[in-house]
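After the sequence you'll find the predicted model.
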Amino acid sequence: MERQPEPAIITLTTDFGLADHYAGAMKGVLLSRCRGARIVDISHEIPPFSIAAGAYTISQAAPYFPAGTIHVVVVDPGVGTTRRAIVVEANNQLFIAPDNGVLTLITATDSNAIAREITNRALWLASPSQTFHGRDIFAPVAGALASGSARPEDTGPVLREVGQLRGLYPDQLDEATWRGTVLSIDHFGNVITNFRSSAFPHLADGALVLETGGRRISEFRSTFGDAPEDLCFAYSGSGGYIELGINQGSAAAFLGVRPGQSVTLRVTIV
Amino acid sequence: MERQPEPAIITLTTDFGLADHYAGAMKGVLLSRCRGARIVDISHEIPPFSIAAGAYTISQAAPYFPAGTIHVVVVDPGVGTTRRAIVVEANNQLFIAPDNGVLTLITATDSNAIAREITNRALWLASPSQTFHGRDIFAPVAGALASGSARPEDTGPVLREVGQLRGLYPDQLDEATWRGTVLSIDHFGNVITNFRSSAFPHLADGALVLETGGRRISEFRSTFGDAPEDLCFAYSGSGGYIELGINQGSAAAFLGVRPGQSVTLRVTIV
Amino acid sequence: MERQPEPAIITLTTDFGLADHYAGAMKGVLLSRCRGARIVDISHEIPPFSIAAGAYTISQAAPYFPAGTIHVVVVDPGVGTTRRAIVVEANNQLFIAPDNGVLTLITATDSNAIAREITNRALWLASPSQTFHGRDIFAPVAGALASGSARPEDTGPVLREVGQLRGLYPDQLDEATWRGTVLSIDHFGNVITNFRSSAFPHLADGALVLETGGRRISEFRSTFGDAPEDLCFAYSGSGGYIELGINQGSAAAFLGVRPGQSVTLRVTIV
């Protein structure tokens, strides 16, 4: 990967929340190692310990950043245990994370991705804690890579395999039926499924039927303003997945669903 | 408008919340178009779809930014419909928003404001989605303007009129009585009315009486620490409006009021 | 203190929340005074008016920032009253805050700290409000210091003493017993006590017993992943204090404790 032009860009995606000093301390370490870095918060409100939500979130944001961007992703229920810390080069960007599957949707998009275990303790803070590797390992490594004082190959040995999260892709049950899940509920209550819109090109009323939370949705709309305010409809979401929404309302509340819940999709017209 | 000196400053005001990737993806687009930009979050917690809250918030923050700042305001219940996207030059700053009235309190402060419809699709992301114009239209246009690769006149034709939000100004009912509304409830529970302090110069105990939520407030204080902790009082707020507060307590909870609720003001001493 | 290299770094720690324009307006003032400044949010979700939480938060974040960083801390229930505004030079950084004890844990770490009262109104915004000194006094002073247009000695006279917050340190009750408090509950529900881990080196099962919320905790673990998911245990936290946690659960909810609540520590093996 080529050196990125100045200024370096570093993004943060964590489940640390915004009330505590945790994200702030990470930023202090990053700026101590790379004073000119532009630090961008993707989210610090990943649901605590939800590796799937972290995987979805970084996969939706990373493609919009320039080549050379360094993404730090810390959803890390195994902090301080023997789980590995990794640096992954993929799509001309760098990803720094615990090796727990949180990069599953990133590595899936680049068959030439290179992963390394972060074993070079010279890049860590001295005397790292056992409970805050975001500050003590991930941030200083990111800062060193951002400043150019270390290259990815300086972080540690190449890994043949990294952790993969299961359940992120739908299963085909028969010729016309798939079982997927709710990937995410967004701030507006829209329900993001894990069915790729591009895999189901006939997005018209009645062509597909989705079932979740005990309800069937068969109406499609292009956007919210095209629907009456009490209709739960499916649409092709901005992230490439089929989503369920209600104009100025919460489809999640209407359907009573949560992330991880099952969704069935049936193709009714081919 | 003159080119702004480096670095360009871009602010974001949205109802996207902070948990999802939405604001992060916008920042990726902005930095892809203008790598040196300083991106400043005004708020991503505008109440969903509340154009009035967005209008109030940007009007309170923008005046404190330097000339040349580019403000992106996305509270956009009509995304994907025929509502227009606009760029407004006002007060030596640029504002990029849907044309739904969210800039009402900005255009009101500059009689020479120039508005343009964003019709130049060459400035958008390729294949824009129907549900996320913040990422696909507003951010790339802002980035192009920030980098200097496009000028406001490149975005599209001048508009004679832009959408105006109603109900933002008080009505005078008789010589001594006005009917206004609650513009905002802040994080502390302070109630911001839409009565300009400067229009009611006699801010002393008993000179004005405000009524809302079934209660009358006639006591004025200069600041919170001047009031006992159980007194709901009026004061001249930092944003130029008359506010209602309780020292270290929530006036909104005490009064039981919400944004948009009616407030009556009576001048009792002239 | 030496001039800091470019770019200047300014951090913000407030109880303003993230929904309103308050932090955004401060950033506008900062960038108007020092266009190149890097602004870093530590937290805007300090519990309203909680000086102790602000003191803890800035003390945990500041040490990770480079020399020369300017920290603005605004938890300010006395805004607009006669409480002083101060600039403190400590540990080669600058701290700007109301003089209400919010810097207690900063000044405690540098016996050569120099505090000044901010009396030079030429550095403030013109016509400051009585209720928003973050925007009108603290931010413009920070911006002037960051740009180098003012030095700390230009802000006002040196103070011999600054406000100190009480109750931040444990009391020793007898040879083997201390009474401390809950300093903070973090986003995950971990309970941060004010017992320094370094003062109690024998952190092994049964060597110490902590009591709070009517329960006794005597088990120690190195990190979360070492504990079964229903065990409340003590550990040496990343901030230097003894903390109480539950693996992927909330110790605070289990114990029913809040910040400020009493914690007793007994040494059982010496």
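Sure, I can see it.

Run a quick neighbour tally on the residue lying closest to residue A:223 once chain neighbours are set aside.
Among residues not flanking residue A:223 along the chain, residue B:80 sits closest, at 2.9 Å (C-beta to C-beta, 6 or more residues apart in numbering or on different chains). Using the backbone N, CA and C atoms, a C-beta is placed for each residue, glycine as well. Residue B:80 is flanked by 20 other residues according to other C-beta atoms under 10 Å in any protein chain shown.

does residue B:80 really touch residue B:128, like I thought?
No. With contacts counted by C-beta atoms under 8 Å, residue B:80 stays clear of residue B:128, the gap being 9.2 Å.

May I have the secondary structure class of the residue in the stretch 51-200 of chain A positioned nearest to chain C?
Closest contact between the stretch 51-200 of chain A and chain C, by C-beta to the nearest C-beta, is at residue A:80 (2.9 Å). Following DSSP: H, G, I helix; E, B strand; the rest coil, we place residue A:80 in the coil state.

Let me know the pLDDT of the residue nearest to residue A:223.
What the model reports for residue B:80 is a pLDDT of 88.

show me the contacts for it.
Going by C-beta atoms under 8 Å, 6 or more residues apart in numbering or on different chains, residue B:80 touches A:222, A:223, A:224, A:225, A:226, B:129, B:130, B:131, B:133.

Surely residue A:26 is in a strand?
No. Under three-state DSSP, residue A:26 sits outside any strand and is assigned helix.

Just the pLDDT at the residue nearest to it when sequence neighbours are not counted, thanks.
The spatial neighbour of residue A:26 that comes closest, neighbours along the chain excluded (C-beta to C-beta, 6+ apart), is residue A:139 at 4.4 Å. For residue A:139, the model assigns a pLDDT of 98.

same for the top strand by length along chain A, what does it pack against?
Using DSSP state E to define each element, chain A has its longest strand at strand A:177-185. With contacts defined as 3 or more C-beta pairs under 8 Å, 6 or more residues apart in numbering or on different chains; DSSP states H and E, strand A:177-185 has these neighbours: helix A:51-61, strand A:171-174, strand A:191-196, strand A:262-267.

can you count the residues close to residue A:225?
18.

what does residue A:126 give?
With other C-beta under 10 Å as criterion, residue A:126 counts 8.

Assign it to one of the three secondary structure states.
coil.

mind checking how far it is from residue A:7?
27 Å (C-beta to C-beta, to the nearest Å).

before we move on, back to that, check which residues of the longest strand of chain A are buried.
A:178, A:180, A:181, A:182, A:183, A:184, A:185 (16 or more other C-beta atoms under 10 Å in any protein chain shown).

Dump those residues into CSV; add pLDDT as well.
Rendered in CSV, the data for the buried residues of strand A:177-185 read as follows (pLDDT from 0 to 100):
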residue, pLDDT
A:178, 97
A:180, 97
A:181, 97
A:182, 97
A:183, 96
A:184, 96
A:185, 97
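
Can you tell me which residues in chain A are near chain B?
A:5, A:7, A:9, A:11, A:13, A:18, A:38, A:40-46, A:57-58, A:60-66, A:69, A:184, A:186-188, A:222-226, A:235-239, A:247-248 (C-beta under 8 Å from any C-beta of the partner chain).

cutoff 7 Å now
Within chain A, the positions near chain B by C-beta under 7 Å from any C-beta of the partner chain are A:5, A:7, A:9, A:11, A:18, A:38, A:40-43, A:45, A:57, A:60-61, A:64-66, A:186-188, A:222-226, A:235, A:237-238, A:248.

Only the buried members of the residues you listed: can you turn that into a PyMOL selection?
Selecting only the buried entries of these in PyMOL, with 16+ other C-beta under 10 Å as the criterion:
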select buried, chain A and resi 7+9+11+18+38+40+41+42+43+45+57+60+61+64+65+66+186+187+188+222+223+224+225+235+237+238
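
Could you tell me which of the residues of chain A next to chain B belong to strands?
Reading strands off those with DSSP E, I get A:9, A:11, A:38, A:40, A:41, A:42, A:43, A:235.

In those residues, find the pair that's most separated.
Spanning the widest gap among these are A:38 and A:235, at 33.4 Å by C-beta to C-beta.

Say whether chain C is contacted by stretch A:38-58.
Yes. Using C-beta under 7 Å from any C-beta, stretch A:38-58 reaches chain C at A:48, A:49.

where in chain A is pLDDT low?
A:1-5, A:270 (pLDDT under 70).

Pop the domain breakdown of it in here.
Structural domains assigned to chain A are A:9-159, A:171-267, following automatic domain parsing.

With respect to burial, which of these scores highest?
domain A:9-159 (a mean of 21; mean count of other C-beta atoms under 10 Å in any protein chain shown).

Any idea how far apart the tips of that domain sit?
The first residue of domain A:9-159 is 25 Å away from its last residue (C-alpha to C-alpha, to the nearest Å).

can you check stretch A:199-209 too?
With C-alpha to C-alpha, one end of stretch A:199-209 sits 14 Å from the other.

for stretch A:178-193, same thing?
12 Å.

same question, stretch A:87-104
13 Å.

Equivalent analysis for stretch A:246-261, please.
End residues of stretch A:246-261 are separated by 19 Å (C-alpha to C-alpha).

So residue A:23 is in contact with residue A:13, correct?
No. Counting by C-beta atoms under 7 Å, residue A:23 stays clear of residue A:13, with 10.4 Å between them.

ok, the residue nearest to residue A:253 when sequence neighbours are not counted - contacts?
Distances taken as C-beta to C-beta, 6+ apart place residue A:189 nearest to residue A:253, at 5.7 Å, with adjacent residues excluded. Residues near residue A:189 by C-beta atoms under 7 Å, 6 or more residues apart in numbering or on different chains: A:249, A:250, A:251, A:252, A:253.

Using CSV, write down the CA coordinates of the host helix or strand of the last one.
By that I understand residue A:253. Secondary structure assigned from DSSP states H and E places residue A:253 in helix A:251-255. Extracted C-alpha coordinates of helix A:251-255, given in CSV (Å, rounded to 0.1, in the frame of the first residue of the first chain):
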residue,chain,number,x,y,z
ALA,A,251,-40.6,0.1,11.3
ALA,A,252,-38.7,-1.6,14.1
ALA,A,253,-41.2,-0.6,16.7
PHE,A,254,-44.1,-1.6,14.4
LEU,A,255,-42.6,-5.0,13.6
